[in-house]
Each structure stands twice: as structure tokens, then as C-alpha cells.
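Undergrad: no sequence for this one, just the structure:
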Ligand SMILES: O=C([O-])CC(=O)C(=O)O
Ligand SMILES: [Mg+2]
């Protein structure tokens with residue numbers, strides 16, 4: 001039974017199916033969020049630290065204490081190829097928990113990126129490395145290594161629940177969490193949605209109006225919309 005506690009590292013986690021995660025990685029965050037039934041989005045204050053950052057992988061979760069990045073080093077050992085790290089904090093904290101050194105270490109373990117409900121630094125180097133990071137702040141202020149948190153416990157990051165092994169997708173539009181059991185089903189729904197959008201795109205390109213494509217004229221008239229010269 002999973003639950004959140006302080007001072008524990010879970011070394012065995014169940015990850016979303018890698019093929020389903022590879023499939024999910026083909027889509028944008030908005031498409032996946034819609035395909036899931038409009039759930040799973042983190043709050044929009046989590047932003048990429050450089051333009052065009054994008055990532056998809058299975059979550060190694062970290063519960064940090066404010067101003068303390070010790071658990072990120074503990075988490076590094078739990079990373080497997082294809083993982084992303086999702087770090088939440090017990091209390092709001094915008095210190096610079098993470099930078100290019102930790103990114104170098106994470107990448108060496110096969111990490112595809114980081115989402116952190118806190119601050120990061122060395123962003124020019126992170127961009128140079130193309131190591132995708134989504135954070136709530138960029139902050140040069142350093143952190144200590146003094147207090148225990150946890151690794152691979154369920155966390156709430158950007159107001160969204162993330163369990164170890166869930167699929168996490170992030171791009172310029174935001175961050176979405178796909179429960180690990182739903183990864184394949186959501187990827188299929190995203191593909192169907194994309195195909196439907198391609199049909200609409202072709203019609204918009206040809207000059208068709210949403211008013212006609214979506215049959216909006218009748219409902220607008222029923223509500224009394226008037227056109228005046
Ligand atoms: O070392 C730290 O405390 C965070 C950092 O700047 C890095 O990882 O490069
Ligand atoms: Mg640094």
C-alpha cells in the first residue's frame with residue numbers, strides 16, 4: 001500500500017509501459033489533457049526554463065524539504081533510463097534546488113527531465129545541455145543538505161497528484177500527469193483526437209468557418225445573437 005511519509009526511499013516501483021510512454025511522447029500536453037477527459041494538469045505556474053523544452057517519461061518522485069536538495073541526490077540513484085524526476089516540497093520553497101551539476105548526474109542515469117515545484121539555477125547551462133526543466137522559479141539561491149525527505153512516494157506537484165511510475169509529459173503548454181495504468185488508453189485517445197483535429201485543420205485551411213464546421217449558427221440564433229449593419 002502506497003502512502004506518503006518522510007524518510008523513505010522506495011526502490012521498487014511500477015512504471016507505466018515504456019511503449020505507451022513512447023506513444024504519449026508524440027503528442028502535445030493539451031491533446032493528452034483533453035484525451036484524458038480534462039484532468040491531470042499541473043498548475044500553469046510551472047514553466048519551462050528555456051523555450052522549446054519538452055519531455056516525457058516515467059516519474060521518479062521526490063519529496064523535498066524547503067531549501068534542502070539532499071533528496072535529489074538520493075533520487076539520482078533510483079533513476080532508470082526513460083524516467084523523469086518530479087520533485088515536490090513539503091512547504092512552498094523557491095530556492096535553487098537544482099542546476100547543471102545535478103542535471104549532468106541525472107542525465108548519466110538516463111533521466112529525460114525534471115519538474116520541480118521549486119526553483120532551479122544554471123538555466124543557461126541547462127539550455128546548452130538541452131536538459132528540460134519545468135519549475136516555479138529560477139533562483140540563484142543555493143540549498144543545504146540537512147533534512148530528510150522521501151523518494152518514490154506519492155507527491156502533489158503543481159497541485160497534481162503524481163505517483164511513482166506515472167507518465168509525465170511537459171511542453172511549452174504545461175505539464176500533464178497520466179496515471180500509469182491509463183498510459184496506453186490515453187495514448188490511443190490522443191491519437192484519435194489528433195486525427196480528428198487534422199480533419200478540422202484541413203477544413204480551416206480551406207477557409208471553412210468554425211461557425212459552420214461546428215454547427216454554431218443555429219444555437220447562436222436561438223440565444224438571440226443579432227447581426228447589424
Ligand atoms: O549543486 C546544487 O546545489 C545545485 C546546482 O547548482 C547544480 O546542481 O549545479
Ligand atoms: Mg550549479
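TA: Thanks, I have the structure now. Note that the structure is a prediction, hence the values are computed from the model and not measured. Ligands and ions are numbered 1, 2, ... in the order given.

Undergrad: Give me the below-cutoff pLDDT ranges for the chain.
TA: Low-confidence regions of the chain, defined by pLDDT under 70, span residues 1-3.

Undergrad: 90 - rerun?
TA: Applying pLDDT under 90 to the chain flags the ranges 1-4.

Undergrad: need the helices for it, in chain order.
TA: Assigned by DSSP state H, the chain shows helices spanning 18-24, 29-35, 70-76, 100-108, 123-129, 183-205, 210-213, 217-222.

Undergrad: In terms of secondary structure, what does the longest one contact?
TA: Helices and strands touching helix 183-205, by 3 or more Cβ pairs under 8 Å, 6 or more residues apart in numbering; DSSP states H and E, are helix 18-24, helix 29-35, helix 210-213. C-beta coordinates here come from the backbone N, C-alpha and C atoms, glycine included.

Undergrad: The helices of the chain: which one's closest to ligand 2?
TA: Minimum separation from ligand 2 across these (Cβ to the ion) falls at helix 100-108, 4.9 Å.

Undergrad: and that closest one, what does it pack onto?
TA: Short answer (3+ Cβ pairs under 8 Å, 6+ apart): helix 100-108 packs on helix 70-76, helix 123-129.

Undergrad: Name the residues that touch the first one?
TA: The one in question is helix 70-76. 9, 60, 62-65, 85, 87, 97-98, 102, 105-106, 109, 144-152 (Cβ atoms under 8 Å, 6 or more residues apart in numbering).

Undergrad: ok, and the closest non-adjacent residue to the single nearest residue of the chain relative to ligand 1?
TA: Closest to ligand 1 within the chain is residue 99: 2.6 Å, counting by Cβ to the nearest ligand atom. Closest residue in space to residue 99, ignoring its immediate chain neighbours: residue 122 at 3.5 Å, by Cβ to Cβ, 6 or more residues apart in numbering.
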